[in-house]
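[1] Here is a sequence with its predicted model. Questions after.
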Amino acid sequence: MTKLFYKDKPIIGLDISNTGVKVMAIDIKRWLVLGYGSIDLEPKKVKESFEGNSTYLADNIQLLVKEKLIGSLSSNHVAISVPTDRTYTRTFNLPVSVAKKLKDAVELEVDQYVPVPASMLYIDYQVIERNKKEITILMSAVPRVIVDKCVTAAESAGLSVSIVEPGMSAVARLLTQTEDGQLPSVIVDVGPATTDIAVLDSGKIRVTGGIAIGGNTLTLDIAKKLAVTLENAHQLKVLNGLSAGPRQEKIKNAIDLSLKQMVIETRKVMRYYNERIRDDRKLEQLLVVGSGSNMPGIGEYFTNELIMPARVASPWQKLDFGKLPEPARQFRPRYITVAGLSSINPRSIWE
């Protein structure tokens, strides 16, 4: 990674997922959005970009930055997020005695738990907690090909990459600053095709998980079970959802199996945190984010299923769009990851 020549150069966010690309520039001193935009992508073509020589991803980033932008970008230095479902993040404890051989200990952890050879990964780690007996390590590993393809695509659009991180890390950064993220919290990020789950404690991701069920899955469930078009199914999801009304029971029955699978995966992540990471810290809240969080009643659903306070996160109260037209309410959740990326303090990258 090449260091910036000017540490105060603003960082803009570039969120790359399997279903779209978003960009955002924020003046973090005033929490003022200077520019933003998004473009939808076809998952099959994104996969071809990652695995072959297709320029599909690069072409669309260029199109987004040059033609689909609302407002302006304050810099060409970017923080990129790679799809969380393509990354491996773990927190683990080690005895203080191995502190001088951390690199070897981390590589051993990678060999045990990551189903990809270490030689094919970019691996990063940091000590996030320490006491007299143990140190707690946060480790992230990403396939080199994914990072390299994302960086090359961004550079082809005239952008200079300063940092690459999993999407959930960017979400955690924003929630820490806007939603009492210092509390031990469960994050459920419902994207179009996948749901990413993490525990955030003291501003750090402690454990992650995920499932190949997302907002589009729920739309398909409604369309099939209620025998309506995808467009009507989407409207039923975002307008009625799980909120009280004459259609609630039919919609709930249609998506119940998918929602229960999300809950099962969330419980697994919570159990891992409680049993393997911290048995002395009670999880205080669950925050639902992502494009699938715009379904009415989803917070209450998680509250009832997990018997803990759950709600849809709303960091938009802190972000000021100034004179720019704001994204429609139902589209705001899709920008949470890119907002987290663009809220990086440039100096923190080099600390």
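    Alright, I've got the coordinates.

[2] Which residues are in contact with residue 164?
    With contact taken as Cβ atoms under 8 Å, 6 or more residues apart in numbering, residue 164 is in contact with 79-82, 122, 142, 147, 150-151. Bear in mind the C-beta positions are built from the backbone N, C-alpha and C, glycine included.

[3] element containing the residue nearest to residue 68 when sequence neighbours are not counted, please.
    Counting by Cβ to Cβ, 6 or more residues apart in numbering, the nearest residue to residue 68 once its immediate chain neighbours are dropped is residue 37, at 4.6 Å. Element membership of residue 37 [criterion: DSSP states H and E] is strand 32-40.

[4] What is the following helix or strand past that strand packed up against?
    On the C-terminal side of strand 32-40, the nearest following helix or strand under DSSP H and E is helix 43-51. If you count contacts as 3 or more Cβ pairs under 8 Å, 6 or more residues apart in numbering; DSSP states H and E, helix 43-51 packs onto helix 56-67, helix 144-156.

[5] quick one: the strands in the chain?
    If you assign secondary structure with DSSP state E, the strands in the chain sit at 12-16, 20-27, 32-40, 70-71, 77-82, 88-95, 121-130, 134-143, 160-166, 185-190, 195-201, 204-211, 285-289, 310-312.

[6] Including mean pLDDT, could those strands go into a markdown table?
    Converted to a markdown table, those look like this (pLDDT from 0 to 100):
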| stretch | mean pLDDT |
| --- | --- |
| strand 12-16 | 96 |
| strand 20-27 | 96 |
| strand 32-40 | 96 |
| strand 70-71 | 96 |
| strand 77-82 | 94 |
| strand 88-95 | 84 |
| strand 121-130 | 89 |
| strand 134-143 | 89 |
| strand 160-166 | 92 |
| strand 185-190 | 96 |
| strand 195-201 | 93 |
| strand 204-211 | 86 |
| strand 285-289 | 95 |
| strand 310-312 | 95 |
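
[7] Reformat those strands as CSV; add distance to residue 241.
    Shown next, in CSV, are these (distance: least, Cβ to Cβ, whole Å):
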stretch, distance to residue 241
strand 12-16, 25
strand 20-27, 22
strand 32-40, 22
strand 70-71, 28
strand 77-82, 27
strand 88-95, 30
strand 121-130, 36
strand 134-143, 33
strand 160-166, 28
strand 185-190, 12
strand 195-201, 16
strand 204-211, 20
strand 285-289, 12
strand 310-312, 11
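
[8] Tell me which of these lies nearest to residue 304.
    strand 310-312 (8.6 Å; Cβ to Cβ).

[9] Given the closest one, what are its sheet partners and their directions?
    strand 285-289 (parallel) (DSSP bridges).

[10] Show residues contacting the partner strand.
    With Cβ under 8 Å, 6+ apart as the test, strand 285-289 has contacts from 171, 175, 179-180, 183, 185-190, 266, 298-299, 302-303, 306, 308-313, 333, 336.

[11] and it, how far out from the chain's middle?
    The gap between where strand 285-289 is centred and where its chain is centred comes out at 12 Å by Cα atoms, centre = their mean, to the nearest Å.

[12] again, but for stretch 308-315
    How far stretch 308-315 lies from its chain's middle: 16 Å, per Cα atoms, centre = their mean.

[13] How about stretch 61-71?
    The gap between where stretch 61-71 is centred and where its chain is centred comes out at 22 Å by Cα atoms, centre = their mean.

[14] now swap in stretch 275-289 and tell me
    In terms of Cα atoms, centre = their mean, the centre of stretch 275-289 is found 18 Å from the chain centre.

[15] mind listing what's buried in it?
    Counting neighbours by 16 or more other Cβ atoms under 10 Å, one finds that the buried residues in stretch 275-289 are 277-278, 283, 285-289.

[16] try stretch 78-98
    Under the neighbour-count criterion of 16+ other Cβ under 10 Å, stretch 78-98 has 78-92, 94 buried.

[17] Break the protein down into its domains, please.
    Taking automatic domain parsing as the reference, the chain has its domains at 12-86+144-179+317-350, 88-141, 210-311.

[18] Residue 241: what's it in contact with?
    When contacts are counted by Cβ under 8 Å, 6+ apart, residue 241 is found next to 251, 295-298.

[19] Could you list the buried residues of the strand holding residue 37?
    Applying 16+ other Cβ under 10 Å to strand 32-40 flags 33-38 as buried.

[20] and which of these is nearest residue 225?
    Distance from residue 225 was checked for each of the buried residues of strand 32-40 by Cβ to Cβ. The minimum falls on residue 38, at 29.6 Å.
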